[in-house]
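Asker: Next input, structure requested:
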Amino acid sequence: MPSLIETLETRFTDWDEIKDVARYGCIGGVSGFIYSSELHEFYEEHEEEIEHTLKILDIKLHDLVDTSEFYSMQELKEKAVWVVVEDFCTNRLMEAEAEHNYFMEETMKESVLASV
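Answerer: Sure thing, here's the model as predicted:
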């Protein structure tokens, strides 16, 4: 079975979608991460890695919901999947922007050196 990251890298290849998820989250609807059955299956397949990611982010399941309302374990799992997907897309976007900035800096240096 592919890892969490491999699965997300395979799923998220459209930069416009990655940007949308990074900026607006999954709440607006992201194909493959909408229905409870999809989210349940994804959580079950990647439970350990999802929990590890949440731990790295210093997020506990109860942090994902308003504790004054009742939430089922399924709802907590769904929110956990969304957090991991949103974090993945945010990181991909930040990495791409950093690479772009590095490329632009290198291009500027080459341009300056060429003009000297």
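
Asker: What ranges does the chain have for its helices?
Answerer: Secondary structure of the chain (DSSP state H): helices at 4-11, 15-24, 36-45, 47-56, 73-115.

Asker: Make JSON lines from those helices and add mean neighbour count and distance to residue 65 to it.
Answerer: C-beta: built from backbone N, CA, C; applies to glycine. Below are those laid out as JSON lines (neighbours: other Cβ atoms under 10 Å; distance: least, Cβ to Cβ, whole Å):
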{"stretch": "helix 4-11", "mean neighbour count": "15", "distance to residue 65": "22"}
{"stretch": "helix 15-24", "mean neighbour count": "14", "distance to residue 65": "19"}
{"stretch": "helix 36-45", "mean neighbour count": "15", "distance to residue 65": "14"}
{"stretch": "helix 47-56", "mean neighbour count": "14", "distance to residue 65": "13"}
{"stretch": "helix 73-115", "mean neighbour count": "14", "distance to residue 65": "6"}
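
Asker: Comparing those by mean pLDDT, which bottoms out?
Answerer: Mean pLDDT per stretch puts helix 73-115 lowest among those, at a mean of 79.

Asker: give the contact list for the residue nearest to residue 12 when sequence neighbours are not counted.
Answerer: Leaving aside its chain neighbours, residue 12 sits nearest to residue 18 (5.4 Å; criterion: Cβ to Cβ, 6 or more residues apart in numbering). By Cβ atoms under 8 Å, 6 or more residues apart in numbering, the contact set of residue 18 is 12, 89, 92, 93.
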